[in-house]
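*Asks:* predicted coordinates and the sequence they were generated for:
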Amino acid sequence: GEKVEQHESTLSVREGDSAVINCTYTDTASSYFPWYKQEAGKGLHFVIDIRSNVDRKQSQRLIVLLDKKAKRFSLHITATQPEDSAIYFCAASLSNTGANTGKLTFGHGTILRVHP
Amino acid sequence: EAAVTQSPRSKVAVTGGKVTLSCHQTNNHDYMYWYRQDTGHGLRLIHYSYVADSTEKGDIPDGYKASRPSQENFSLILELASLSQTAVYFCASRTGSGQLYFGEGSKLTVL
């Protein structure tokens, strides 16, 4: 089955700098790659996703890049703020429609700390 | 704002006992999921459902049963709780575009 590896266990950045979290996946059939944020003691919240028909997507300060050849995708958070501090999870699935969606394979999470 | 509510939020159970975790969504979503999260690990899919009265096995279904009596409600049942099932359990529902809405989690400790 699919395996998703999240390369950074922890990441510490200064406020205003950029943060980058990298993930790799194994199944070439995977085509949907969402990112979720988890604040302490809370459930996960969707932040952004990318589908395999594009290689870049941006939503305000968040940028997701997808390199299908390398089976790698990354989340870039620009101009970081203290409220960006949380655990970020990458995930992959075969598609974002039908039964396969929600059958996500998650990475282990990256603890992001944004300090003044 | 889409809402997924889990209960109980925290539970201590004895080994061999029965545990039921409940999930209620007001999103009118067809798909619902149960994931478990272990410390330092990502989430793993236990069971899911796309219609009332039907459930499907996820990646780690052993030791768990699921029940979907209505579109709004999805339960996870541990008939004989074991120490290895100590974890935080998350329920989620899914939009048509694939976005998951998660509940706040149910922390289960089996002693």
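*Replies:* Thanks, I have it.
*Asks:* and stretch A:62-74, how far out from the chain middle?
*Replies:* A distance of 9 Å separates the centroid of the chain from that of stretch A:62-74, by Cα atoms, centre = their mean, to the nearest Å.
*Asks:* repeat that for stretch A:51-65.
*Replies:* 10 Å.
*Asks:* now the end-to-end length of it.
*Replies:* For stretch A:51-65, the first-to-last residue distance is 10 Å (Cα to Cα, to the nearest Å).
*Asks:* what about it, average pLDDT?
*Replies:* For stretch A:51-65, the mean per-residue pLDDT is 96.
*Asks:* what parts of chain A come near chain B?
*Replies:* Residues of chain A found near chain B (Cβ under 8 Å from any Cβ of the partner chain) are A:1, A:4, A:6, A:32, A:34, A:36, A:41-46, A:49, A:89, A:91, A:93, A:96-97, A:99, A:101-109. C-beta: built from backbone N, CA, C; applies to glycine.
*Asks:* what about 10 Å?
*Replies:* Residues of chain A lying near chain B by Cβ under 10 Å from any Cβ of the partner chain: A:1-2, A:4, A:6, A:9, A:32, A:34, A:36, A:38, A:41-46, A:49, A:51, A:87, A:89-91, A:93, A:95-109.
*Asks:* mind listing what the residue nearest the centre of chain B touches?
*Replies:* Centroid-nearest residue in chain B: B:Trp34, 3.2 Å away (criterion: Cα atoms, centre = their mean). Neighbouring residues of B:Trp34 by Cβ atoms under 10 Å, 6 or more residues apart in numbering or on different chains: B:6, B:21, B:23, B:43-49, B:55, B:58, B:61, B:64, B:66, B:74-76, B:89-92, B:103, B:106.
*Asks:* ok, back up a step: just the buried members of the residues of chain A next to chain B?
*Replies:* Using 16 or more other Cβ atoms under 10 Å in any protein chain shown as the burial test, these include A:2, A:4, A:6, A:32, A:34, A:36, A:38, A:43-44, A:46, A:49, A:87, A:89-91, A:93, A:95-96, A:100-109 as buried.
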